[in-house]
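[1] How does the following fold in three dimensions:
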Amino acid sequence: MLLQLFEGLRAAGVDVSMMEVLDAATALTHLDLSDRPLLRQCLQATLVKRPEDREVFQRLFERCFPLRLPDAAGAGDAAGTPGGDRSAPPVGAAVPAPDEVATASGGAWSDVLLDLLQRGDDEGLRLLVVDAVDTFGGLGEQRGSERSLVYRVLRALDLANLLIAAMAQVRAEQDLDAFELRQRRDELAARIERLRRMVAEEVHRRLVADGGRPGVGLVAPRRLEDLDVLRASTTELRALRSAVRPLARKLASRITERRRRHRHGRIDVRRTVRRSIGHGGVPLDPAFRARRPTKPDVVVLCDVSGSVAEFAHFTLMLLSALQAELSGLRTFVFVDGVADVTPLLGAERALDPRLLVTLPGVVTGDGHSDYGAAFALFLERHGVVVGPGTTLLVTGDARTNHRAPGLRAFRELCRRARRVYWFDPEPAAEWGTDDSALELYRETCTAVFEVRSLAQLTDAVAEIM
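    Below you'll find the model as predicted:
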């Protein structure tokens, strides 16, 4: 397994020498190998030197040292438990049906989940995630994108109501004041977010494990601008944020140069004929009308729900840095409601997607993206900002959660606007799959762009400007 991990790290572009592998093997002789968290820390300390390589290491470690052995269904439970609390309820003992999980907090899965969250038992949560992906993921049985597989597990675990149930349990069992309740709520919310990431990592690990040798799909891109925004680690996201402003300056210079090269308009026949008199009537020196440089009037409509929130963040940051190149930039964000965030442009802190979703009007229902409702509300309340000279830019994955796509409202916006573009951070192969309605929207769009990295985002913005 150690050599498999080593080969995977090398294939993913992580600089690991044979001496470091020997050091790791020596260190393992001094460890209790059943202590999985300690094993992970030891291997990370000996094999990984750069913070940006930790994400790749974590994924490969989960694959090479799985919680459940692939050839023995029961052995995985025994092998994976040493790192957690041994008094925790057996996660893999009894698996209820999916409808029993999502009903109430009294079910077997909900009881275990609440107990692990209250105690902050990360290893126990990892074991539960393994069982949940086995039970509800449908890997190998149902077709769908990685995002849809993750959503299937999260919906079965009913994470949307988990915080409410956990806080109700806290209030019933403990006598806390308002400040202490707020602290407890923040702790539980952070743990639920970690649980959400664990599910995504486990599904991704399973899909990578089916793809061949270690490291496939994990090779780091050569340029920072080519990193997939939706798969970037925390360190990589921080580096990408610092790269947005320089990219915006380069893009602005590209746009300015392109406008300079195309500063000439149509030929001026009258002036050309007058000039030709000096050449015997031959128009050797044509005259052109001066083209007035125009800046596009852009209206942006950003989906800030779920995993596309980070992509929306980078889109807003880039457009905010390019305000000088736009005659009028109006920006709106939505989940199942719509809010105008134009006054916030320029304040980088205010563009944080975690803060944007708290603005009044952004979330009006259950907090899941609803494109149909958002388009209808935007047309009703802000439709006047879309006119014959407007370029409408919509960013999002077009996943409607199987709700009405709102085609009538969207087509009306397309009819009013001069041009309509759609930026989708998902791979083009996933468009139209499961609950994606992009194929319906693209019928009336001027163009649809696959935008998964800063480089693609920069090129797409340059195209529409």
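[2] Please tell me how far the closest residue to residue 6 other than its chain neighbours sits from residue 126.
    Among residues not flanking residue 6 along the chain, residue 21 sits closest, at 5.0 Å (CB to CB, 6 or more residues apart in numbering). For every residue, glycine as well, the C-beta is placed using N, CA and C. According to CB to CB, to the nearest Å, residue 21 and residue 126 sit 25 Å apart.
[3] rewinding a little: list the contacts of the residue nearest to residue 6.
    Taking CB atoms under 8 Å, 6 or more residues apart in numbering as the criterion, residue 21 is in contact with 2-3, 6, 47.
[4] helix/strand/coil for it?
    Following DSSP: H, G, I helix; E, B strand; the rest coil, we place residue 21 in the helix state.
[5] any idea how far the closest residue to residue 14 other than its chain neighbours is from residue 13?
    Closest residue to residue 14 apart from its sequence neighbours, by CB to CB, 6+ apart: residue 53 at 4.7 Å. Distance of residue 53 to residue 13, given as CB to CB: 8 Å.
[6] isn't there a strand covering residue 31?
    No: looking at residue 31 with three-state DSSP, it is coil, so not inside a strand.
[7] give me phi/psi at it?
    Per-residue torsions, residue 31: phi -110, psi 160 (degrees, to the nearest 10).
[8] Could you give the number of residues near the residue nearest to residue 14?
    When neighbours are counted by other CB atoms under 10 Å, residue 53 registers 21.
[9] let's number from 36 now, not from 1
    Yes, from this point I'll number from 36; that puts the last item at residue 88.
[10] That one belongs to a helix?
    Yes: the assignment for residue 88 is a helix, going by three-state DSSP.
[11] So it is in contact with residue 51, correct?
    No: contact criterion CB atoms under 8 Å: residue 88 and residue 51 do not qualify, at 9.0 Å.
[12] Name the residues contacting each of those two.
    When contacts are counted by CB under 8 Å, 6+ apart, residue 88 and residue 51 are jointly contacted by residue 44.
[13] secondary structure class for residue 48?
    Under three-state DSSP, residue 48 comes out as coil.
[14] Next one: it from residue 369, what distance?
    Separation of residue 48 from residue 369 (CB to CB): 38 Å.
[15] what ranges do the helices span in the stretch 286-435 of the chain?
    With DSSP state H, counting those that start in this stretch as the criterion, the stretch 286-435 of the chain has helices at 304-311, 344-356, 388-391, 406-417.
[16] re the thing from before, more neighbours, residue 48 and residue 369?
    A side-by-side neighbour count of residue 48 and residue 369, using other CB under 10 Å, places residue 369 first with 29 against 14.
[17] what sits against the closest residue to the more buried one other than its chain neighbours?
    Setting aside the residues directly before and after it, residue 369 is nearest to residue 409 in space (CB to CB, 6+ apart), at 3.9 Å. Contact analysis of residue 409 by CB under 8 Å, 6+ apart lists 336, 338, 369-373, 441.
[18] same thing but 10 Å
    When contacts are counted by CB atoms under 10 Å, 6 or more residues apart in numbering, residue 409 touches 336, 338, 340, 367-373, 397, 399, 429, 431, 441, 444-445.
[19] Show me what the host helix or strand of residue 227 is packed up against.
    Element membership of residue 227, judged by DSSP states H and E, is helix 213-244. Secondary-structure packing of helix 213-244 (3 or more CB pairs under 10 Å, 6 or more residues apart in numbering; DSSP states H and E): helix 89-99, helix 143-154, helix 157-171, helix 181-192, helix 197-208.
[20] Indicate which one of those helices is closest to residue 315.
    Between residue 315 and the helices and strands packed on helix 213-244, the shortest separation by CB to CB is 70.2 Å, and it involves helix 181-192.
[21] Specify the angle between that closest one and helix 143-154 in degrees.
    Here helix 181-192 points in a direction 90 degrees away from that of helix 143-154 (axes from the mean of the first three to the mean of the last three CA atoms, to 10 degrees).
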